[in-house]
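Chemist: okay, sequence plus prediction incoming.
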Amino acid sequence: MPSANPVLNRLDQTVGADRRASPVTGVAEAMTVDDVVTRTVGLLLLTGATAAVAWVVVPQAVWLPAALAGGALAGIALVLVISLRASTNPALIAGYAVLQGLLLGVASRAFELIYPGIVAQAVVGTFGVFLGMALLYRARVVRATPRLARLVVGTLIGIVAISVVNLMTYLVTGRQGVEVYSLSARVGWLPYVFSVVAIIAGAFSFVLDFDLVERSVRAGLPRRYAWFCAFGLLAGLVFLYWQLLRLLSYVRR
């Protein structure tokens, strides 16, 4: 069964090939859940530290919106490269964390200047959703079924595609559609609906990701793939944070 997170989908495809090429011969060589947790926490700390530096150091300037848009597109490109190659290169994955930290730090400060307290709300909401879905998964209240996987995968692919088109349209024409980039522009009902759908899809994607990581550990995937799993979870958390930050800004206008 595929994961809702495209980053982690590649794990199912690489388990068999990787084990045939380099069979796991000992427990110490196999990936564990603790390995994934440790690397995920490390990437989150790297992202947070970079965001804090960017918050303080990077100046607000007229070119900043264009830089943020370019950085967002670069982040999407990096996700695709790491995902399609099923890369387990720590340097490349750390590079993604640093890039996202820069974007989060600069953009979050802009939001905070206009809506004081919004960043703390978005951070608490992000980890609250993540922990809530983890508890629901552990208690088997929510199960990773094929039907749920197809629904969430399709929804997330559609969200990303629409977001890219919306961003490109905004850069070329200045028009804002399902996502509003101006921090002061009025917001219609469509951006609200789009953000809520994105948040729900992002939340349920964690359930499928937890399931895939668990099954990959049972399959004996080599330990280096813990980096790949951690990258996927980080990408999901960053996606959820952006959606919550945007929705909170809509509500507070």
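Modeler: It's in.
Chemist: what segments of this protein are helices?
Modeler: With DSSP state H, the ranges of helices along the chain come out as 6-21, 33-57, 64-85, 90-114, 118-138, 146-173, 189-218, 225-251.
Chemist: for residue 199, give its distance to residue 54.
Modeler: Applying Cβ to Cβ, to the nearest Å, the value for residue 199 to residue 54 is 24 Å. C-beta here means a position set from N, CA and C on the backbone, and glycine is covered the same way.
Chemist: just residue 120 next, same as before
Modeler: Applying Cβ to Cβ to residue 120 and residue 54 gives a distance of 17 Å.
Chemist: neighbour count: the two, which is higher?
Modeler: residue 54 (19 against 10; other Cβ atoms under 10 Å).
Chemist: isn't the more buried one up against residue 99?
Modeler: No - counting by Cβ atoms under 8 Å, residue 54 sits too far from residue 99 to count as a contact (10.4 Å).
Chemist: for the chain, give me the ranges with low pLDDT.
Modeler: 1-28, 61-67 (pLDDT under 70).
Chemist: next, count neighbours for residue 156.
Modeler: Neighbours of residue 156 (other Cβ under 10 Å): 21.
Chemist: skipping its backbone neighbours, what lies nearest it in space?
Modeler: Spatial nearest neighbour of residue 156, chain neighbours left out: residue 201 (5.3 Å); criterion: Cβ to Cβ, 6 or more residues apart in numbering.
Chemist: contacts only, for the one you found.
Modeler: 4, 152, 155, 156, 159 (Cβ atoms under 8 Å, 6 or more residues apart in numbering).
Chemist: which one of the residues you listed is nearest residue 130?
Modeler: residue 4 (14.0 Å; Cβ to Cβ).
Chemist: output the helices of the chain as CSV; include the columns distance to residue 180.
Modeler: Below are these laid out as CSV (distance: least, Cβ to Cβ, whole Å):
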stretch, distance to residue 180
helix 6-21, 25
helix 33-57, 22
helix 64-85, 13
helix 90-114, 12
helix 118-138, 15
helix 146-173, 9
helix 189-218, 5
helix 225-251, 7
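Chemist: among these, which is the most enclosed?
Modeler: helix 225-251 (a mean of 23; mean count of other Cβ atoms under 10 Å).
Chemist: who does that helix touch, helix- and strand-wise?
Modeler: Contact here means 3 or more Cβ pairs under 8 Å, 6 or more residues apart in numbering; DSSP states H and E; on that basis helix 225-251 packs against helix 6-21, helix 33-57, helix 64-85, helix 90-114, helix 118-138, helix 189-218.
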